[in-house]
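**Q** Below is the sequence, then the predicted model.
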Amino acid sequence: MIPRTHNLTPFPDGISGQELLGQMLSHARRYGAVVEAGTVENVEQQGGVFRVVANRRIALARNVIFATGVFNHRPSMAADDHAKGLARGLLRYCPVCDAYEVRDKRIAVLGRGKHGLQEASFLRHYSPFVTLISPDGSSVTARNGIRILQPALMGIALSETEVLLTLQDGHTHHFDTLYVALGTTPRADPAIRLGLDLDDAGHIAIDSKHKTSVDGVYAIGDVIDGLDQIAVAMGQGAIAATAIHNDLTASIS
């Protein structure tokens with residue numbers, strides 16, 4: 001969902017999320033990966049082999065990597081407006097990925113409690129103009145030069161270049177971008193049905209090699225606990241893939 005990020009090596013001129021995905025898919029296919037679109041309905045283990053059921057088809061595998069990510073909790077707005085806001089860089093979700101893109105801009109953060117304040121504090125290093133707005137009007141103590149708008153959010157509107165936030169007191173405030181800090185939910189339903197252990201926040205539990213509680217199953221990316229960042233997830237994929245390679249080699253020998 002990133003319109004452009006300069007926080008990924010080796011793209012010093014920046015790269016969009018869609019362009020990055022396209023290059024990664026092309027790279028994988030060139031070296032033999034088969035990529036299929038579909039919805040996984042179930043993953044089950046039978047006799048040391050995993051059956052992955054998707055779109056009425058069954059794929060068999062000796063290993064499975066869960067890279068199912070998270071659901072970002074979205075603000076209340078039309079899907080078309082949300083998509084346009086993302087494409088224009090008016091709506092953002094990951095300051096670790098793209099805060100550089102909004103340095104010295106007027107930044108609004110939609111969030112509540114400790115999580116909202118932490119995200120606003122992170123962004124304060126990139127701009128002196130950071131405002132925290134709670135979706136329900138809950139109180140937050142201002143700090144780190146962060147502006148707090150207390151009334152609850154009533155509506156979000158987008159122009160070509162601005163985000164307009166109207167609060168319940170009737171006032172409308174203008175910003176260059178809005179970071180949504182409403183939290184996430186791990187996409188762990190298939191993992192739960194397979195019997196994988198989860199942590200207290202619902203992430204898939206892993207060891208140092210990204211092995212889960214079920215032999216032959218690994219997990220990487222945002223569905224595990226850690227820093228939700230592209231480069232981090234890529235490194236986790238390398239660790240899990242190497243562990244699987246070594247396990248398969250050991251079983252053959």
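**A** Happy to help now that I have it.

**Q** going forward, measure contacts between C-alpha atoms and count neighbours the same way
**A** Noted.

**Q** how about the strands in the stretch 101-250 of the chain?
**A** Secondary structure of the stretch 101-250 of the chain (DSSP state E, counting those that start in this stretch): strands at 107-111, 130-133, 147-149, 153-158, 163-167, 172-175, 177-181, 184-186, 217-219.

**Q** and the ones you listed as TSV, adding mean pLDDT, distance to Val34 and mean neighbour count?
**A** Output for the strands of the stretch 101-250 of the chain, formatted as TSV (pLDDT from 0 to 100; distance: least, Cα to Cα, whole Å; neighbours: other Cα atoms under 10 Å):
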stretch	mean pLDDT	distance to Val34	mean neighbour count
strand 107-111	96	39	26
strand 130-133	96	44	26
strand 147-149	93	49	18
strand 153-158	94	39	18
strand 163-167	96	40	20
strand 172-175	98	43	16
strand 177-181	97	34	24
strand 184-186	95	25	16
strand 217-219	98	19	25
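
**Q** Put together a markdown table for these, with distance to Lys84 on each row.
**A** Output for those, formatted as a markdown table (distance: least, Cα to Cα, whole Å):
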| stretch | distance to Lys84 |
| --- | --- |
| strand 107-111 | 18 |
| strand 130-133 | 22 |
| strand 147-149 | 25 |
| strand 153-158 | 9 |
| strand 163-167 | 12 |
| strand 172-175 | 16 |
| strand 177-181 | 13 |
| strand 184-186 | 21 |
| strand 217-219 | 32 |
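
**Q** Of those, give the one that comes closest to Ala67.
**A** Nearest to Ala67 among the strands of the stretch 101-250 of the chain is strand 217-219; the distance by Cα to Cα comes to 6.0 Å.

**Q** helices or strands next to the closest one in the packing?
**A** The contact analysis (3 or more Cα pairs under 8 Å, 6 or more residues apart in numbering; DSSP states H and E) places strand 217-219 against strand 64-66.

**Q** Could you tell me how many residues sit around Asn42?
**A** 15 (other Cα atoms under 10 Å).

**Q** Same question for Gly226.
**A** Applying other Cα under 10 Å, we find 12 residues neighbouring Gly226.

**Q** same question, His245
**A** Counted with other Cα under 10 Å, the neighbours of His245 add up to 10.

**Q** To Arg30, which of the strands of the stretch 101-250 of the chain lies closest?
**A** Nearest of the strands of the stretch 101-250 of the chain (Cα to Cα): strand 217-219, 24.0 Å.

**Q** Run through who's touching that closest one.
**A** Asn63, Val64, Ile65, Phe66, Ala67, Ile204, Ile206, His210, Lys211, Thr212, Ala240 (Cα atoms under 8 Å, 6 or more residues apart in numbering).

**Q** nearest to Val40, of those?
**A** Nearest member of the contacts of strand 217-219 to Val40, counting by Cα to Cα, is Phe66, at 11.1 Å.
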